[in-house]
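Enquirer: okay, structure incoming, though there's no sequence with it:
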Ligand code: CTP
């Protein structure tokens with residue numbers, strides 16, 4: 001498979017140093033990267049850094065090697081142009097079609113996707129001129145990543161930081177979704193996948209809640225893996241203790257009820273739901289509007305709990321369209337009434353899902369850990385026992401995610417894509 005050709009434009013901001021790390025990450029992903037720094041970018045990071053890290057000579061103006069017409073050569077055959085950092089000036093020039101240097105000239109010649117990662121002081125980012133330029137670029141189909149919020153170059157802080165290189169790589173992968181990257185199948189291209197992750201929190205009063213030990217790592221790994229395989233991913237995230245992925249649509253939720261509402265809305269036009277969230281089974285039957293006080297000499301309160309809604313079973317039994325593939329998770333231990341497999345089969349039946357990813361949590365080792373081992377079960381035909389369609393040994397959560405997605409891709413193969421189902425939609 002040929003490596004993808006990425007043009008990495010760098011404009012003149014202090015965050016230009018982060019583009020060097022992004023360049024390394026892009027190369028580690030197997031891309032062939034050509035760097036086009038602007039004259040001001042070269043005042044921050046010099047030409048030898050870009051040529052050494054990219055493994056290519058770096059053209060810095062339109063006049064050198066003019067016989068090669070560099071602005072056309074560089075853009076020709078490019079699969080993606082990324083500009084990081086994109087200064088307010090670069091955004092303005094790109095929005096208005098100026099072609100006064102090699103980078104803006106290249107931007108005018110390319111037909112591939114363009115991703116701009118702005119970085120500037122908050123005042124410049126929020127200025128109506130910049131807002132209008134960003135709106136114009138987005139209207140034209142350019143992906144403009146929102147800057148991160150945090151410490152800026154001086155003592156000030158606010159929106160305007162260049163996102164970290166790992167986050168930018170996530171955006172690159174999302175834009176390239178559907179273009180098979182080296183070594184990675186794009187077998188979820190054109191599919192919409194909803195993933196739930198993390199632990200729900202059921203409020204007791206304004207400051208207290210009942211929660212659980214889920215870190216959300218498995219759900220986040222699933223969202224990232226699905227994104228990298230070409231899916232349009234919508235992550236419904238409850239409480240998560242790990243970094244949230246870039247390049248996916250995100251809805252944050254607190255309680256099981258909020259999770260139900262977000263998931264129900266998200267699956268309407270989705271191809272698959274992967275329910276990796278650890279949803280509370282019970283919630284306090286009343287929520288105090290004010291903080292519950294100890295009070296002198298009063299007894300410890302007794303909590304009365306009521307059942308929460310079962311999101312997985314609700315969606316699986318009441319599907320918005322028959323093509324939706326529903327994947328559940330089950331954390332099981334063996335007990336006197338049966339082993340892990342027995343409980344997993346019962347759960348597969350009662351939840352009504354198409355695939356069930358089963359963890360044996362007898363040792364309590366899964367929550368918060370980096371490692372996991374799973375079996376993926378599918379319902380048997382006509383009263384037959386469930387069949388195991390995939391399994392992993394103990395491995396990292398990304399590898400588990402890839403195995404789950406392999407099973408999902410196989411299951412989706414028999415269903416029409418959304419566009420096939422809704423030819424007029
Ligand atoms: N789940 C859900 N809504 C709930 C509880 C669980 O959607 N109120 C989903 C989880 O996201 C997971 C699957 O159901 O995909 C199984 O979760 P698990 O905790 O193993 O099962 P429970 O249904 O809670 O059953 P039990 O605790 O009795 O084993």
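Expert: Cool, got the structure. Model, not experiment: these values are computed from the prediction.
Enquirer: ok, the closest residue to residue 225 other than its chain neighbours to the ligand distance?
Expert: Setting aside the residues directly before and after it, residue 225 is nearest to residue 401 in space (CB to CB, 6 or more residues apart in numbering), at 4.0 Å. In short, each C-beta sits where N, CA and C put it, glycine included. Going from residue 401 to the ligand by CB to the nearest ligand atom, to the nearest Å gives 14 Å.
Enquirer: wasn't residue 401 part of a helix?
Expert: Yes. Residue 401 forms part of a helix when assessed by DSSP: H, G, I helix; E, B strand; the rest coil.
Enquirer: contacting residues around it?
Expert: Residues in contact with residue 401 (CB atoms under 8 Å, 6 or more residues apart in numbering) are 218, 221-222, 224-226.
Enquirer: sticking with residue 20, tell me its helix or strand.
Expert: Taking DSSP states H and E as the criterion, residue 20 maps to helix 16-28.
Enquirer: list the contacts of residue 310.
Expert: Per CB under 8 Å, 6+ apart, neighbours of residue 310: 279, 351.
Enquirer: now do the same for it: its pLDDT.
Expert: The score at residue 310 is 98. That number is its pLDDT.
Enquirer: ditto for the one 4 residues further on
Expert: Residue 314 carries a pLDDT value of 98.
Enquirer: contact partners for it?
Expert: 260, 264.
Enquirer: circling back: which helix or strand lies directly C-terminal to the helix holding residue 20?
Expert: Later in the chain than helix 16-28, the nearest helix or strand by DSSP H and E is strand 32-37.
Enquirer: on that earlier part again, between the contacts of residue 401, which is closest to the ligand?
Expert: Minimum distance to the ligand across the contacts of residue 401 is 10.6 Å, recorded for residue 218 (CB to the nearest ligand atom).
Enquirer: before we move on, what SS does that closest one have?
Expert: Assigned by three-state DSSP, the conformation of residue 218 is helix.
Enquirer: gap between the closest residue to residue 392 other than its chain neighbours and the ligand?
Expert: Once flanking residues are discounted, residue 392 sits nearest to residue 403: 5.0 Å by CB to CB, 6+ apart. From residue 403 across to the ligand, the span is 16 Å (CB to the nearest ligand atom).
Enquirer: can I see the domain layout of the chain?
Expert: For the chain, the structural domains run 5-180, 192-413, going by automatic domain parsing.
Enquirer: re earlier: ok, the residue nearest to residue 225 to residue 288 distance?
Expert: Distance, residue 401 to residue 288, using CB to CB, to the nearest Å: 39 Å.
Enquirer: cool, and residue 327?
Expert: Distance, residue 327 to residue 288, by CB to CB: 37 Å.
Enquirer: who has more neighbours, those two?
Expert: Between residue 327 and residue 288, counted using other CB atoms under 10 Å, residue 327 has the larger neighbour count: 25 against 15.
Enquirer: and for the stretch of helix or strand that one belongs to, what are the contacting residues?
Expert: Per DSSP H and E, residue 327 falls inside strand 325-332. Residues from elsewhere that reach strand 325-332, judged by CB under 8 Å, 6+ apart: 218, 271-276, 278, 312, 315-316, 319, 340, 343-344, 347-348, 351-361, 366, 404, 407-408, 411-412, 415.
Enquirer: picking that back up, what pLDDT, on average, does the helix holding residue 20 get?
Expert: Averaged over helix 16-28, pLDDT sits at 97.
Enquirer: for that helix, which positions count as buried?
Expert: If you call a residue buried by 16 or more other CB atoms under 10 Å, then helix 16-28 has these buried ones: 16, 18-20, 22-23, 26-27.
Enquirer: would you list those residues in a markdown table and tack on distance to residue 175?
Expert: Shown next, in a markdown table, are the buried residues of helix 16-28 (distance: CB to CB, whole Å):
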| residue | distance to residue 175 |
| --- | --- |
| 16 | 21 |
| 18 | 18 |
| 19 | 16 |
| 20 | 21 |
| 22 | 14 |
| 23 | 17 |
| 26 | 12 |
| 27 | 17 |
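Enquirer: out of those residues, which is nearest to residue 197?
Expert: For the buried residues of helix 16-28, the minimum distance to residue 197 (CB to CB) is 25.7 Å, reached by residue 22.
Enquirer: quick one: that closest one from the ligand, how far?
Expert: According to CB to the nearest ligand atom, residue 22 and the ligand sit 35 Å apart.
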